[in-house]
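Sequence first, predicted coordinates after that:
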Amino acid sequence: MDELLSKVEAFERMTVEYLTYSKIGKVLRYIAITDPPPAGDDQYNFRQRSKVLIDKWVLVISDSNAPQAST
């Protein structure tokens, strides 16, 4: 799981379309709130890393909803 999460963290071209199609945001939200924490969380910080990605993607979604400036 650490390797997969590392690949997701390294992906720099996340779009709303990717988030919608993959449902990765739902998966990470579940990981972030799971109690007890997923196995290995004490070593790999899965919940914290998931929260960071969710926060980053909220900005992606917000930017896509912002009105575009006309030139």
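Looks like it arrived, so ask away.

Let me see the mean pLDDT of stretch 20-35.
For stretch 20-35, the per-residue pLDDT values average out at 94.

again but with stretch 43-51, I slipped
Model confidence over stretch 43-51 averages 97 on the pLDDT scale.

for the helix or strand where Ser50 lies, packing partners?
Secondary structure assignment for Ser50, by DSSP states H and E: helix 46-65. Packed against helix 46-65 by the contact rule (3 or more Cβ pairs under 8 Å, 6 or more residues apart in numbering; DSSP states H and E) you find helix 2-10, helix 16-22, helix 24-33. Every C-beta, even on glycine, is put in place using the N, C-alpha and C of the backbone.

want to throw these into TSV with mean neighbour count and distance to Ile61?
Formatted as TSV, the entries for the helices and strands packed on helix 46-65 read as follows, by neighbours: other Cβ atoms under 10 Å; distance: least, Cβ to Cβ, whole Å:
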stretch	mean neighbour count	distance to Ile61
helix 2-10	11	16
helix 16-22	12	6
helix 24-33	15	9
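
what's the closest of those to Ser62?
Go through these one by one with Cβ to Cβ and the one that ends up closest to Ser62 is helix 16-22, at 10.0 Å.

would you put the C-alpha positions of the closest one in CSV?
As requested, the backbone C-alpha atoms of helix 16-22 are provided in CSV (Å, rounded to 0.1, in the frame of the first residue of the first chain):
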residue,chain,number,x,y,z
VAL,A,16,-11.4,16.6,-11.6
GLU,A,17,-12.0,14.1,-14.4
TYR,A,18,-9.4,11.7,-13.0
LEU,A,19,-10.8,12.1,-9.5
THR,A,20,-14.3,11.5,-10.6
TYR,A,21,-13.5,8.5,-12.8
SER,A,22,-11.1,6.7,-10.3
